[in-house]
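**Student:** What would the 3D arrangement of this be:
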Amino acid sequence: MSGLPSVLKSGGALLAALAVAAALPAVSASGDAPKAVAVSRPLYVTGAPIVMLKDLDSGAILFSRGADKRFAPASMAKVMAAYVVLDLLDRGDLSRDKQFTMTEAVWKKWNRSNGGSSMFLRVGEKVSVDELLKGLITVSGNDAAALLAVGIDGSEEAFVKRMNRIASDIGMTSSRFGTPSGWPDGGVTKVSAADLITLADRLIRDHPDGYARYFAIPSLRHGKAPDGTPIVQPNRNPILGSFAGADGLKTGHTAEAGYCFLGSAKRGGRRLVMVVAGMGSEKARRDEAIRLMRWGFEQWEARELVPAGVSLGRIDVGEGQAPAVAAETGTSVRMTVPRGYAGGYRAVMRTHAPLSAPVARGARIAELVIAPDGLPPQRTPLLAAADVAEGGWWSRARTGFYRLTGR
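**Tutor:** Below is the predicted model:
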């Protein structure tokens, strides 16, 4: 790990590139710096027009085709709506027990007669945010998406503005939403596979409890049929229950988008996230998803380099009550490599420094970049180990002394 620059210039900001050694195992069997080697990547052959597979823990992209091509996501847009709602819940700005009342206007627009998916809400029915999230994800309810939007922001249009703002904030650089449900809107709603992977990554990392609560429900029981019997609808996830470890996320289908799927599975502590889009049938979508996931787990392996909760260095904080904050691993840092891989790697921690106060504990403040020999770099976010509030004149003076002396 020698030869790394201590400070690099990037877009006018300081990008600290710190060699990480103390917490990491030796980079090669001999302890020498690794050498470039030829690596044979496992072969995957597919006819799908858009495919992407990522190992979430290491950040390794295992397969990619058409990942930057923009396309209509259909009901996969509901994952973005779910992220917005889960964000409000986790910040305390919304309660799971909060109830919204189905209006006649929303019902007329989104009841089952329009041909879309529904959780069969009735005019005047009061439904909790918790139940609406279940209907949004499990049965892809367009009525659930619309009622959440109207209940939270007063209109679908206002909620969509929130969706687009948050999508930009979390790094979805090529996506735009026109509805909370993904219903065809004249080509306004477009995403890329790379952005959907980013969304899944952030949702699972940022809202793990919400993900566990809502994305793997086998079926939803809500409402009654005309004969009075309960309405029970199965989860539309094509690999849930048929592929070991599958636990989310969302299907989508329209004539424009074809059959699509944003999916995730976890085995042995290792999580993969995938996108397939533009498939010609439900069966083709399911078969491709299972085959891709199986290839990812069987042909690649993850090697733990750093356990969760380990500090990998301190990053300067500008005008904060503390002059620096530790950057730590929120999850285990893993390197994903082909099975039987015998090469080494390099590691570096990168961040924009100094950070601007305030800094919240758990906020992403850096990334650990692992570069295995002969493979693309893999990135794992590092989190702030403590809160750092804004400081007054005394804190600024102390920070200046720290900058001069390192103490």
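
**Student:** neighbours around Asp97, how many?
**Tutor:** 8 (other CB atoms under 10 Å). Placement of C-beta: from N, CA and C, glycine included.

**Student:** typed the wrong thing, it's Ile170
**Tutor:** Close neighbours of Ile170, defined as other CB under 10 Å, add up to 16.

**Student:** what sits against it?
**Tutor:** With contact set as CB atoms under 8 Å, 6 or more residues apart in numbering, Ile170 has these partners: 83, 198-199, 202.

**Student:** Please identify which two of those residues are farthest apart in space.
**Tutor:** Tyr83 and Thr198 (10.7 Å; CB to CB).

**Student:** These two: who's more crowded?
**Tutor:** Tyr83 (23 against 20).

**Student:** so which strand or helix has that one?
**Tutor:** Tyr83 belongs to helix 77-91 when elements are defined using DSSP states H and E.

**Student:** Report all helices and strands that that helix contacts.
**Tutor:** Using 3 or more CB pairs under 8 Å, 6 or more residues apart in numbering; DSSP states H and E, the elements in contact with helix 77-91 are helix 129-138, helix 142-153, helix 156-169, helix 193-206, helix 208-214, strand 246-254.

**Student:** Can you give me the domain assignment for the protein?
**Tutor:** 7-23+310-405, 65-259 (automatic domain parsing).

**Student:** Could you look over those domains and pick the most buried one?
**Tutor:** Compared across the domains of the chain, domain 65-259 shows the largest average neighbour count, a mean of 19 (mean count of other CB atoms under 10 Å).

**Student:** how long is it from one end to the other?
**Tutor:** End-to-end span of domain 65-259 (CA to CA, to the nearest Å): 16 Å.

**Student:** Give the rounded mean pLDDT of that domain.
**Tutor:** The average pLDDT within domain 65-259 is 94.

**Student:** Quick check: phi and psi on Gly154?
**Tutor:** Phi and psi for Gly154, reported as degrees, to the nearest 10, are phi 90, psi -20.

**Student:** Please report how far it lies from Arg339.
**Tutor:** In this structure, Gly154 and Arg339 are 53 Å apart, going by CB to CB, to the nearest Å.

**Student:** Check Trp300 too.
**Tutor:** 7 Å.

**Student:** where do the contact lists of the two overlap?
**Tutor:** The contact sets of Trp300 and Arg339 overlap at Pro42 (CB under 8 Å, 6+ apart).

**Student:** show me the residues around Gly141 that make contact.
**Tutor:** With contact set as CB under 8 Å, 6+ apart, Gly141 has these partners: 117-119, 121, 132, 135.

**Student:** Just flag the most distant two among the residues you listed.
**Tutor:** So, these by CB to CB: farthest apart are Ser117 and Leu132, at 13.5 Å.

**Student:** okay if I get the helices and strands packed on helix 77-91 as a markdown table plus distance to Ser281?
**Tutor:** Formatted as a markdown table, the helices and strands packed on helix 77-91 follow (distance: least, CB to CB, whole Å):
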| stretch | distance to Ser281 |
| --- | --- |
| helix 129-138 | 22 |
| helix 142-153 | 22 |
| helix 156-169 | 29 |
| helix 193-206 | 19 |
| helix 208-214 | 27 |
| strand 246-254 | 10 |
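
**Student:** which one of the ones you listed lies closest to Val306?
**Tutor:** When those are compared (using CB to CB), the closest one is helix 193-206, at 16.5 Å.

**Student:** Which neighbouring elements make contact with that closest one?
**Tutor:** Packed against helix 193-206 by the contact rule (3+ CB pairs under 8 Å, 6+ apart) you find strand 50-55, helix 77-91, helix 208-214, strand 246-254, strand 258-267, strand 270-279.

**Student:** tell me what the following helix or strand past the second one is packed against?
**Tutor:** Of the helices and strands lying after helix 77-91 in sequence (DSSP H and E), the nearest is strand 99-101. Other helices and strands packing on strand 99-101, by 3+ CB pairs under 8 Å, 6+ apart, are strand 126-128, helix 129-138, helix 142-153.

**Student:** For Asn111, find the nearest of the helices and strands packed on helix 77-91.
**Tutor:** helix 142-153 (6.7 Å).

**Student:** Excluding residues flanking it in the chain, which one is nearest the most centrally placed residue in the chain?
**Tutor:** Geometric centre of the chain, nearest residue: Asp201, 1.9 Å, by CA atoms, centre = their mean. Leaving aside its chain neighbours, Asp201 sits nearest to Leu56 (5.8 Å; criterion: CB to CB, 6 or more residues apart in numbering).

**Student:** picking up where we left off before, adding distance to Ala48 as columns, could you present the domains of the chain in JSON lines?
**Tutor:** Output for the domains of the chain, formatted as JSON lines (distance: least, CB to CB, whole Å):
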{"stretch": "domain 7-23+310-405", "distance to Ala48": "21"}
{"stretch": "domain 65-259", "distance to Ala48": "7"}
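
**Student:** Of all these, which one is nearest Glu288?
**Tutor:** domain 65-259 (9.3 Å).

**Student:** and the closest one, how far from the chain's centre?
**Tutor:** 15 Å (CA atoms, centre = their mean, to the nearest Å).
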